[in-house]
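Student: Just to be clear, the model below is a prediction. Sequence and coordinates:
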Amino acid sequence: MQIALVDMQRRVQSRVPLPWIQVDPEWQRAQQSAGRPLVRFRDIPLEWSDFRLTLRQTADILLRFDALERPDYDKILALARDGNALEPLVSAWYDASSGVEAGSGSRHRVPSDAPASLDQVLVLALRPFLARCAEALSQRVDLGSWMHGNCPVCGWEPDFAVITPSADRRLFCGRCVAQWSFGPLTCPFCANDDRALITSFATRDGRYRVSACDVCRRYLKAYDARHAQRPVMVAVDTIATLPLDAAAMQRGYVG
């Protein structure tokens, strides 16, 4: 399933134009100081016919691998066909889940009558478009002063990390795949930095590690590049570490 999703997202992303995102330096500093990201919904290079197709293809893949229930699948396809309903829903969902604007970031990100899995499907379907925003910003904006656990580009949570040869840690966003530096012994989800409450375990070869927080019970996988023969490849390494997800969940942690 993960391979099918990556293949589909790469095909879509190759067709998405690189956006020109104008970021006022003063606004950027204010956003970074407040822990709010830089990409507003209007900045995303969304062509709605392409997005509706991507949404349907994402739902198709999840259904094929039994990761989506048939009733939810049918509702999501109905949304994809109804442009009048889809566009304001996606806009409101992004605003609520990104926290770009002060006061946003509500946990009620989708309508109460929406399928329970819509949040996951929207994350995956929007990734090719947001990844282009991350590419554009990485070329023009210095994110070195970002000290927060959420993504500096779109505000989402990290879902992977790399431990660099210098023993620093860089996080990768689960929605736009942007990367940023973050403390190696601090939980990005709840900011717990008590080493006694951080559990870590690794694969036998030491290539991959899991850092799990005993406060919020969340975990994050990482590629350890300190003795590796190649750089991190997020699309490959997230798939290669699927057994670590099972190991973490068996210990009571949540991804």
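Tutor: That came through fine.

Student: what's the closest non-adjacent residue to P19?
Tutor: P45 (4.4 Å; CB to CB, 6 or more residues apart in numbering). No exception for glycine: its C-beta is placed from N, CA and C like everyone else's.

Student: Can you give me the neighbour number for that neighbour?
Tutor: P45: 17 surrounding residues under other CB atoms under 10 Å.

Student: Do I have it right that it meets P17?
Tutor: Yes: P45 is in contact with P17 according to CB atoms under 8 Å; the separation is 5.4 Å.

Student: Can you check which residues contact both of those two?
Tutor: Jointly contacting P45 and P17 under the rule CB atoms under 8 Å, 6 or more residues apart in numbering are R132.

Student: give me every residue that touches the residue nearest to P19.
Tutor: V16, P17, L18, P19, F129, R132, C133.

Student: In ChimeraX, how would I select the buried members of those residues?
Tutor: The buried residues among those can be selected in ChimeraX (16 or more other CB atoms under 10 Å) with this line:
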select :16,19,129,132,133
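
Student: Could you check which helix or strand contains S200?
Tutor: If you go by DSSP states H and E, S200 is part of strand 198-202.

Student: Quick one: distance of stretch 120-137 to the chain centre.
Tutor: Centroid separation for stretch 120-137 versus its chain: 8 Å, with CA atoms, centre = their mean, to the nearest Å.

Student: can I get the CA coordinates of it in CSV?
Tutor: Presented in CSV, the C-alpha positions along stretch 120-137 are these (Å, rounded to 0.1, in the frame of the first residue of the first chain):
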residue,chain,number,x,y,z
GLN,A,120,-6.1,10.6,6.7
VAL,A,121,-7.3,10.7,3.0
LEU,A,122,-6.9,14.4,2.8
VAL,A,123,-3.4,14.3,4.3
LEU,A,124,-2.3,11.8,1.6
ALA,A,125,-4.1,13.5,-1.3
LEU,A,126,-2.8,17.0,-0.5
ARG,A,127,0.8,15.8,-0.1
PRO,A,128,2.0,16.2,-3.7
PHE,A,129,0.7,19.8,-3.8
LEU,A,130,2.1,20.8,-0.4
ALA,A,131,5.4,19.1,-1.1
ARG,A,132,5.9,21.6,-4.0
CYS,A,133,5.3,24.4,-1.5
ALA,A,134,8.0,23.0,0.8
GLU,A,135,10.4,22.8,-2.2
ALA,A,136,9.7,26.5,-3.1
LEU,A,137,10.2,27.7,0.5
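
Student: quick one on the thing from earlier: which element is the residue nearest to P19 on?
Tutor: Counting by DSSP H and E, P45 is part of no helix or strand.

Student: Identify the residue nearest the geometric centre of this protein.
Tutor: Taking CA atoms, centre = their mean, the centroid of the chain lies closest to G174, which sits 1.6 Å from it.

Student: Direction included, what does the following helix or strand past the strand holding S200 pair up with?
Tutor: Under the assignment DSSP H and E, the closest C-terminal helix or strand after strand 198-202 is strand 208-213. Paired strands of strand 208-213, with direction, are strand 198-202 (antiparallel), strand 219-224 (antiparallel) (DSSP bridges).

Student: quick one: average pLDDT of strand 208-213?
Tutor: Strand 208-213 shows a mean pLDDT of 97.

Student: chain center to it: distance?
Tutor: Distance of strand 208-213 from its chain centroid, counting by CA atoms, centre = their mean, is 17 Å.
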